[in-house]
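# take this sequence and fold it.
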Amino acid sequence: MDYEIKKLSKRVSIQNEFGLHARPAACIAAIAQKANSKVWMIRNEEKVDASSIMDILTLACQKGTEVTIQIEDSSDMDVLEKIVSLFQKGFGE
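Predicted structure coming up:
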């Protein structure tokens with residue numbers, strides 16, 4: 001992974017008990033939809049559009065799963081930080 005991509009992504013872990021179900025996916029998608037460019041969620045080799053609840057749910061992330069949140073443009077750093085914060089707070093669950 002080159003430096004530019006690393007700078008525009010953060011690795012996070014699912015902390016909430018029920019994993020990444022519909023409500024957390026909707027929270028992520030709502031924030032990602034405000035970005036100027038694409039926001040991606042990556043689990044292993046699978047990369048999905050973070051603005052799509054259905055795409056997020058296809059990752060089937062349980063508690064303890066690690067994912068990478070990636071933005072395409074540095075103007076979306078606030079979006080990246082907001083999504084990372086959701087993960088760190090366990091989506092308030």
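# buried sites along stretch 46-66?
For stretch 46-66, the neighbour count (16 or more other C-beta atoms under 10 Å) marks 48, 49, 50, 51, 52, 53, 55, 56, 57, 59, 61 as buried. Where C-beta positions appear, they are placed from N, C-alpha and C, glycine not excepted.
# in helices, which of the residues you listed fall?
53, 55, 56, 57 (DSSP state H).
# residue 18: how many residues sit nearby?
12 (other C-beta atoms under 10 Å).
# picking that back up, from the buried residues of stretch 46-66, which is closest to residue 79?
residue 50 (9.1 Å; C-beta to C-beta).
# pLDDT score for that closest one?
pLDDT, residue 50: 98.
# per-residue pLDDT, the residue nearest to residue 20 when sequence neighbours are not counted?
Nearest non-adjacent residue to residue 20, counting by C-beta to C-beta, 6 or more residues apart in numbering: residue 61, 3.9 Å away. Residue 61 carries a pLDDT score of 95 in this model.
# got it, and residue 4?
What the model reports as pLDDT for residue 4 is 51.
# same question for the one 5 residues further on.
Residue 9 is assigned 94 on the pLDDT scale.
# same question for the one 10 residues further on.
We note a pLDDT of 91 for residue 19 in this prediction.
# so what's the residue count around it?
Residue 19: 15 neighbours (other C-beta under 10 Å).
# ok, now the one 4 residues further on?
Residues contacting residue 23 under the criterion other C-beta under 10 Å number 13.
# which ones are touching it?
If you count contacts by C-beta atoms under 8 Å, 6 or more residues apart in numbering, residue 23 has them with residue 91.
# any idea which element it lies in?
Per DSSP states H and E, residue 23 falls inside helix 22-32.
# alpha carbons of that helix, as CSV, please.
Extracted C-alpha coordinates of helix 22-32, given in CSV (Å, rounded to 0.1, in the frame of the first residue of the first chain):
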residue,chain,number,x,y,z
ALA,A,22,-28.5,-2.6,9.8
ARG,A,23,-28.5,0.4,12.2
PRO,A,24,-24.7,0.8,12.3
ALA,A,25,-24.6,0.3,8.6
ALA,A,26,-27.2,3.1,8.1
CYS,A,27,-25.1,5.4,10.3
ILE,A,28,-22.0,4.8,8.3
ALA,A,29,-23.8,5.2,5.0
ALA,A,30,-25.4,8.5,6.1
ILE,A,31,-22.0,10.0,6.9
ALA,A,32,-20.4,8.5,3.7
